[in-house]
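Peer 1: Got a predicted structure plus its sequence, pasted below:
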Amino acid sequence: MKSFEEYKEELDEHGRINSITMGCGIYKIYMPQNFQIVITSETDAIKEYKGKTLLYSVQKLEDKWEIIRSADRGGILYIGKADNLRKRITEFIKYGYGERVPHRGGRAIWQLKNNKKLLIEIEPCEKPREKERQFLIEYYEKYNSYPYANWKK
């Protein structure tokens, strides 16, 4: 696992992270040990798209965190899928640093203080859509909620 900061440093002159496979799979965003969740109304990421805010209300995020914070969820904050992991993770990282890229999934991540310290685990697999859905269903059944930055299966 690497942090957002580490992946940002890996961007090459073409804006790619070559250490990540181009294959399909899922990725999970984790809190590092001793990470404190502090939700903000601001972000370094894209704040608006076509005149609509991309930010969640702090109250909505705090309400969700309150539901899931006490459960031992292994630190998972988000799970996403990708047909091309390199492209998707690169977009996710760039989006979090304010670049206009087509990535909106998991955007609640960017309303956390110190979000660049979060860790990404990459898991290549066949049928990432099915694997992500299965994981989210199991997570919901266990915790009665989705991970912090996931809202549906």
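Peer 2: Arrived safely, thanks for sending. Numbering: from 1, shown residues only.
Peer 1: Which residue ranges of this protein form helices?
Peer 2: 4-10, 58-68, 85-96, 128-143 (DSSP state H).
Peer 1: Same list, these, but as JSON lines with mean pLDDT please.
Peer 2: Conversion of those to JSON lines gives the following (pLDDT from 0 to 100):
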{"stretch": "helix 4-10", "mean pLDDT": "94"}
{"stretch": "helix 58-68", "mean pLDDT": "90"}
{"stretch": "helix 85-96", "mean pLDDT": "91"}
{"stretch": "helix 128-143", "mean pLDDT": "93"}
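Peer 1: Ranking the ones you listed by mean neighbour count, which comes first?
Peer 2: Stretch with highest mean neighbour count among these: helix 85-96 (a mean of 22; mean count of other C-beta atoms under 10 Å). For every residue, glycine as well, the C-beta is placed using N, CA and C.
Peer 1: Mind checking the helices of the chain for the one nearest to residue 76?
Peer 2: For these, proximity to residue 76 was assessed by C-beta to C-beta; helix 128-143 is nearest, at 7.5 Å.
Peer 1: so what does that closest one touch, helix or strand wise?
Peer 2: If you count contacts as 3 or more C-beta pairs under 8 Å, 6 or more residues apart in numbering; DSSP states H and E, helix 128-143 packs onto strand 25-30, strand 76-82.
Peer 1: re earlier: so which of the helices of the chain comes closest to residue 43?
Peer 2: Comparing the helices of the chain by C-beta to C-beta, helix 85-96 comes nearest, at 8.2 Å.
Peer 1: Quick check: closest non-adjacent residue to residue 19.
Peer 2: Nearest non-adjacent residue to residue 19, counting by C-beta to C-beta, 6 or more residues apart in numbering: residue 10, 5.8 Å away.
Peer 1: Give me the contact list for stretch 99-116.
Peer 2: 3-5, 8, 29, 35-46, 49, 54-56, 58, 61, 64, 77-78, 80, 88, 91-92, 94-96, 118, 148-150 (C-beta atoms under 8 Å, 6 or more residues apart in numbering).
Peer 1: Give me the distance between the two termini of that stretch.
Peer 2: 15 Å (C-alpha to C-alpha, to the nearest Å).
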